[in-house]
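J.: fold the following.
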Amino acid sequence: MELTSGLIENAIEAYGGEFRYSRLSLHDCISILVMRERRVSDALTADRELSLAGINVLMQAPTGGR
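T.: Predicted structure coming up:
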């Protein structure tokens, strides 16, 4: 997949707009836009913040205890 100037511009717009008050990074915004474009709704990640964009997060972050 090519990282185009249009994708970067759209991600910057989402970062400053739709996801302004979240803890999502610009990298996250790019990933979300690509997933939306390709109609991917599940992500093998523990990054719960992606759920703010309607992404189904498939892993749970470790709790720190044993």
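J.: for the chain, what spans make up the helices?
T.: Under the criterion DSSP state H, the chain contains helices at 5-16, 26-37.
J.: make JSON lines from those helices and add mean neighbour count, mean pLDDT and distance to residue 52 to it.
T.: Where you see a C-beta, it was placed from the backbone N, CA and C, and this is true even at glycine. Output for those, formatted as JSON lines (neighbours: other Cβ atoms under 10 Å; pLDDT from 0 to 100; distance: least, Cβ to Cβ, whole Å):
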{"stretch": "helix 5-16", "mean neighbour count": "14", "mean pLDDT": "96", "distance to residue 52": "11"}
{"stretch": "helix 26-37", "mean neighbour count": "17", "mean pLDDT": "95", "distance to residue 52": "9"}
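J.: could you find the closest non-adjacent residue to residue 26?
T.: Closest residue to residue 26 in three dimensions, ignoring its sequence neighbours and counting by Cβ to Cβ, 6 or more residues apart in numbering: residue 15, at 5.2 Å.
J.: coming back round to it: quick one: which of the helices of the chain is nearest residue 60?
T.: Ranking those by proximity to residue 60 (Cβ to Cβ) places helix 26-37 first, at 18.0 Å.
J.: one step back: surely the residue nearest to residue 26 and residue 30 touch.
T.: No - assessed by Cβ atoms under 8 Å, residue 15 is found out of contact with residue 30, at 9.0 Å.
J.: measure the residue nearest to residue 26 to residue 41 for me?
T.: Using Cβ to Cβ, to the nearest Å, one gets 21 Å for the distance from residue 15 to residue 41.
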